[in-house]
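Novice: Task: produce atomic coordinates for the following.
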Amino acid sequence: MTLLLVWLIFTGVAGEIRLEAEDGELLGVAVDSTLTGYSGRGYVTGFDAPEDSVRFSFEAPRGVYRVVFGVSFSSRFASYALRVDDWHQTGSLIKRGGGFFEASIGEIWLDEGAHTMAFQLMNGALDYVRLEPVSYGPPARPPAQLSDSQATASAQALFAFLLSEYGRHILAGQQQNPYRRDFDAINYVRNVTGKEPALVSFDLIDYSPTREAHGVVHYQTPEDWIAWAGRDGIVSLMWHWNAPTDLIEDPSQDCYWWYGFYTRCTTFDVAAALADTSSERYRLLLRDIDVIAAQLQKFQQADIPVLWRPLHEAAGGWFWWGAKGPEPFKQLWRLLYERLVHHHGLHNLIWVYTHEPGAAEWYPGDAYVDIVGRDVYADDPDALMRSDWNELQTLFGGRKLVALTETGTLPDVEVITDYGIWWSWFSIWTDPFLRDVDPDRLTRVYHSERVLTRDELPDWRSYVLHATTVQPAGDLALAVYPNPGAGRLHVEVGLPVAAPVVVEVFNLLGQRVFQYQAGMQPAGLWRRAFELALAPGVYLVQVRAGNLVARRRWVSVR
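Specialist: Just a heads-up that it's a prediction; the model follows:
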């Protein structure tokens, strides 16, 4: 057995780590030079047994890296196994060309410091490994505008604050159990981390009339929540709405009145109720909304803006408000909006819609939604939730803020933000999920420089909702044209002072797809035209000139 161990730090392009196979630790394999087209002194071959591998030790800065192999094999497919530290992946590579070629297996995240890698390629040859740094930009900020044109000053200020922090910080949030007289979830977080969440979500569940009719005890009240909020705490409210009538009381089906928000425990037909506005069931819908309006009014009277998240997870079908499909749901959402905002004059509400995967047709519309959330309950405590984030950015990027409105796990914020995943806030569901989060993870996240806790909140009530305060586009006079454009992008920017100019283009997933560094430029009008081979879609064009920045949305068409 050939055995060679070298501490490797090879760089090609800026920040790239290149590991030549022949310089690794060889276990059951050997260096060869029979084939042509390899780099360095040769390549490694002889991966015949499952334990045959080449291993590397290397150092890397923290970040996301695209893993690229220089390989050659004669068959159409070749199986590989890759281990980096404790992370492991297996799969197949597809042959391209007749000699050595590059194959990528995706991206990995590396913490700063020393790492190990082991690679196997059955019946193939490995020339090198490249770890190519991947830089994700911030998500595109949506317009500085609420759906309610009469929103209160404090609601506007809170929204302006959320916009200003989007892509810079994630707000720490927590769901509070409504069946505890004390704030047990908040207290637990404080005891573990020494900090409080910036945002707490409460549930109006027991104010549903069909629950109050059974003499439900209110362990917590809106007055308690208002007292917690004070002048700086951020309140989110949800409503597990017990059906207005037609509850199923059948222990054999595990159905009781307190499960009346589940589809399985009510025969209430929301589509039929909405179809007949003269019906008793339609009247009961309005009755329930009016009861909840009275509770929401308390927050408006106390000048507490509310991140209002009703009718959540509708597309899942497990709640009665989503049981009849997207059209009745959207009709109910709009009825709720009109009744609360225009009939009851509740202008302290920031409307949060909860999206479900693959359910774009359920969206009520931009005129009725301010923020889009996602409720995620992952089996893996280290899940990045990239697919959820990417889908939301594809659908709503540049249009709406995106939040992790419920989560059963707590992602590592240092990792997900390196991937460009910047939720506006996260909210951990109450026990048992909260206590299942590793206390060390909870503490690290609450003390991360990328997370805001209650003690770190600024005076968000002083924020003003207009574009120049929430997005620094006014720092530079920037024009991009034609818009839409087919391949050719013209950029014009007025430079108030001499400065180095950098032009970047990001897609709605936050991935940088183009960069141009112009170097130092004199004050005055600066122009450039770029030929961009980009897929049709919406992009964010960002121009930096020293410490000044401007951003514009640009649409690419064919």
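Novice: If we ignore the residues flanking it in sequence, what's nearest T90?
Specialist: Leaving aside its sequence neighbours, T90 sits nearest to A81 (Cβ to Cβ, 6 or more residues apart in numbering; 4.8 Å). Using the backbone N, CA and C atoms, a C-beta is placed for each residue, glycine as well.
Novice: now that neighbour, which residues is it bridged with?
Specialist: With DSSP bridges as the criterion, A81 is bridged to T90, Q120.
Novice: That one: neighbour count?
Specialist: 16 (other Cβ atoms under 10 Å).
Novice: How about Q297?
Specialist: Counted with other Cβ under 10 Å, residues neighbouring Q297 total 16.
Novice: go on, the one 4 residues further on?
Specialist: A count of nearby residues for Q301, using other Cβ under 10 Å, gives 10.
Novice: what pLDDT does it get?
Specialist: Here the pLDDT value assigned to Q301 is 97.
Novice: Pull the contacting residues for it.
Specialist: Neighbour list for Q301: empty [criterion: Cβ atoms under 8 Å, 6 or more residues apart in numbering].
Novice: In contact with H490: list those residues for me.
Specialist: In this structure, H490 makes contact with 479-482, 527-530, judged by Cβ under 8 Å, 6+ apart.
Novice: are any of these buried, and which?
Specialist: Buried by 16 or more other Cβ atoms under 10 Å: V480, out of those.
Novice: just the contacts of H490 now: which is nearest R339?
Specialist: Nearest to R339 among those is V480, at 41.7 Å by Cβ to Cβ.
Novice: residues touching the closest one, list them.
Specialist: When contacts are counted by Cβ under 8 Å, 6+ apart, V480 touches 489-492, 541, 552, 554.
Novice: Provide a ChimeraX selection command restricted to the buried entries of those residues.
Specialist: Entered in ChimeraX, the line below selects the buried ones among the contacts of V480, by 16+ other Cβ under 10 Å:
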select :489,491,541,552,554
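Novice: would you list the contacts of V480 in CSV and tack on pLDDT?
Specialist: Below are these laid out as CSV (pLDDT from 0 to 100):
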residue, pLDDT
L489, 91
H490, 87
V491, 90
E492, 86
V541, 89
R552, 83
W554, 85
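Novice: Pull the most distant pair out of the contacts of V480.
Specialist: E492 and W554 (12.8 Å).
Novice: any weak-confidence spans in the stretch 351-500 of the chain?
Specialist: 467-475 (pLDDT under 70).
Novice: is it possible to export the contacts of V480 to JSON lines including secondary structure and distance to D431?
Specialist: Below are those laid out as JSON lines (DSSP: H, G, I helix; E, B strand; the rest coil; distance: Cβ to Cβ, whole Å):
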{"residue": "L489", "secondary structure": "strand", "distance to D431": "52"}
{"residue": "H490", "secondary structure": "strand", "distance to D431": "56"}
{"residue": "V491", "secondary structure": "strand", "distance to D431": "52"}
{"residue": "E492", "secondary structure": "strand", "distance to D431": "56"}
{"residue": "V541", "secondary structure": "strand", "distance to D431": "46"}
{"residue": "R552", "secondary structure": "strand", "distance to D431": "46"}
{"residue": "W554", "secondary structure": "strand", "distance to D431": "47"}
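Novice: now, which of the contacts of V480 sits nearest D224?
Specialist: Out of those, the member with the shortest distance to D224 (by Cβ to Cβ) is R552, at 45.4 Å.
Novice: Surely the closest one and Y481 touch.
Specialist: No - using Cβ atoms under 8 Å as the test, R552 is too far from Y481 to be in contact (9.6 Å).
Novice: list residues touching both of those two?
Specialist: With Cβ under 8 Å, 6+ apart, R552 and Y481 have no common neighbours.
Novice: Give me the distance between the nearest residue to E16 once chain neighbours are set aside and V513.
Specialist: Once flanking residues are discounted, E16 sits nearest to E132: 5.4 Å by Cβ to Cβ, 6+ apart. Plainly put, E132 is 15 Å away from V513 if you go by Cβ to Cβ, to the nearest Å.
Novice: List the buried residues for the top helix by length along the chain?
Specialist: The helix that spans the most residues within the chain, counting by DSSP state H, is helix 280-301. Across helix 280-301, burial judged by 16+ other Cβ under 10 Å covers 281-282, 284-285, 288-289, 292-293, 295-297, 299-300.
Novice: Now tabulate the contacts of V480 in CSV and tack on distance to D269.
Specialist: Output for these, formatted as CSV (distance: Cβ to Cβ, whole Å):
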residue, distance to D269
L489, 52
H490, 56
V491, 55
E492, 58
V541, 49
R552, 48
W554, 46
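Novice: Which of the contacts of V480 sits closest to L110?
Specialist: Among these, and counting by Cβ to Cβ, the member closest to L110 is V541, at 29.9 Å.
Novice: that older thread, sitting in helices, which of the contacts of H490 do you find?
Specialist: Short answer: those have none in helices (DSSP H).
Novice: quick one: which of the contacts of H490 is nearest G98?
Specialist: For these, the closest approach to G98 (Cβ to Cβ) belongs to F530, at 35.2 Å.
Novice: Give me the distance between that closest one and P484.
Specialist: From F530 to P484 the distance is 15 Å (Cβ to Cβ).
Novice: Look at the closest residue to Q521 other than its chain neighbours and report its pLDDT.
Specialist: Nearest non-adjacent residue to Q521, counting by Cβ to Cβ, 6+ apart: V501, 4.9 Å away. pLDDT, V501: 88.
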